[in-house]
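Undergrad: generate coordinates for the sequence data below:
(one chain, ligands or ions: 2)
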Amino acid sequence: MEKKEQLYEGKAKKVFKTDDPELLIVEYKDDATAFNGLKKGTIHGKGIINNQMSNRLMALLESEGIPTHFVKELSQRETLVKKVSIVPLEVIVRNIAAGSFAKHYGVEEGVVFDQPTIEFSYKNDALGDPLLNGYHALALKVATPEEIETIKRYSFRINDILKACWLSCGVTLVDFKLEFGRLSDGTIVLADEISPDTSRLWDSQTHEKLDKDRFRRDLGGVEEAYAEIMKRLEENMGG
Ligand code: ADP
Ligand code: UDP
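TA: Ligands and ions are numbered 1, 2, ... in the order given. Down below sits the predicted model:
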């Protein structure tokens, strides 16, 4: 598959055209940002880990019946994906209070919910990704009612699958962000990435953070945490 011109460079990935109009190549970088781009840095080796982790988790989801954009891992940092038109919603599923939820509602990090929550942010960097509900999404015409229902159903199912996968790695899945897109025929599929950049992952025993919060909060041991979480997934799923 030939890598053609760059379509887009984001904060964590570059996106390239290929000779097939339905396929793209994503290339994962080591660049890290937080707080809507205010904090910038490098996490050495992150691009390789996020690429490999995202692909393994998407393959697992596919095997469980969730359609994803994943086609084929091309190299350590590059993956062939189905081109989608991204639904401009960041879909966040939470099992435990942390981050902005803990802050907004004044609850301590670590409070375990009886059932998972779901929320949407409008994917718009200039507006700072504001929170919005399903009615707002309809008013903005970012998705149809059927698409919103599909996205919610897939998201909770993805949570069940990922929670079980991480549990067998000795890791608690606290929360994560998903993005969905439409294939050219309108089918909704999971896109973007699932990685320690987009998930909160805590050691089940010690509650040690094994995700991007180590970078956001200057906790140190960032590269080590990314390597550790990847090692656990590899050991669990088979190298
Ligand atoms: P950001 O845009 O937030 O800086 P990235 O650096 O991760 O994020 O850039 C990757 C971009 O590619 C994102 O805008 C994401 O929505 C988009 N994207 C992810 N998967 C696909 C896909 N299969 N088809 C088209 N665009 C995609
Ligand atoms: N998240 C993300 N991209 C964003 C915002 C959040 O991947 O632009 C992920 C984040 O890594 C965490 C979950 O979504 O796993 C919930 O994040 P939260 O709303 O608590 O925001 P934060 O504390 O990161 O500001």
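
Undergrad: need the outlier residue of this protein, farthest from its centre.
TA: Outermost residue of the chain with respect to the C-alpha centroid, by C-alpha atoms, centre = their mean, is D19; its distance is 26.7 Å.

Undergrad: number of nearby residues for the nearest residue to it once chain neighbours are set aside?
TA: Sequence neighbours aside, E2 is the residue nearest to D19 in space, at 4.8 Å (criterion: C-beta to C-beta, 6 or more residues apart in numbering). In this view, the C-beta of every residue, glycine as well, is placed from N, C-alpha and C. E2 has 9 neighbours, counted by other C-beta atoms under 10 Å.

Undergrad: got the residues of this structure near ligand 1?
TA: Counting by C-beta under 6 Å from any ligand atom, the residues of the chain close to ligand 1 are 8, 10-13, 15, 24, 69, 81-84, 86, 179, 181, 191-192.

Undergrad: so G41 bridges to which residues?
TA: A32 (DSSP bridges).

Undergrad: which residues are in contact with it?
TA: 31-33, 215 (C-beta atoms under 8 Å, 6 or more residues apart in numbering).

Undergrad: kindly report the same for I66.
TA: So I66 contacts 154, 157-158, 161, 190 (C-beta under 8 Å, 6+ apart).

Undergrad: ramachandran coordinates for it?
TA: The phi/psi pair for I66 (degrees, to the nearest 10) reads phi -90, psi 120.

Undergrad: buried ones in stretch 231-239?
TA: 232-233 (16 or more other C-beta atoms under 10 Å).

Undergrad: what residues are up against the spatially most central residue of the chain?
TA: Centroid-nearest residue in the chain: I194, 3.3 Å away (criterion: C-alpha atoms, centre = their mean). Counting by C-beta under 8 Å, 6+ apart, I194 touches 53-54, 57-58, 162, 176, 178.

Undergrad: now do the helices in the chain.
TA: Assigned by DSSP state H, the chain shows helices spanning 46-63, 99-105, 134-139, 145-167, 213-216, 222-237.

Undergrad: for ligand 1, what is the nearest residue in this protein?
TA: Sorted by distance to ligand 1 under C-beta to the nearest ligand atom, the residues of the chain start with G10, at 2.2 Å.

Undergrad: for that residue, give me its contacts.
TA: Applying C-beta under 8 Å, 6+ apart, no residues qualify as near G10.

Undergrad: need phi/psi at it.
TA: According to degrees, to the nearest 10, G10 has phi -100, psi -160.
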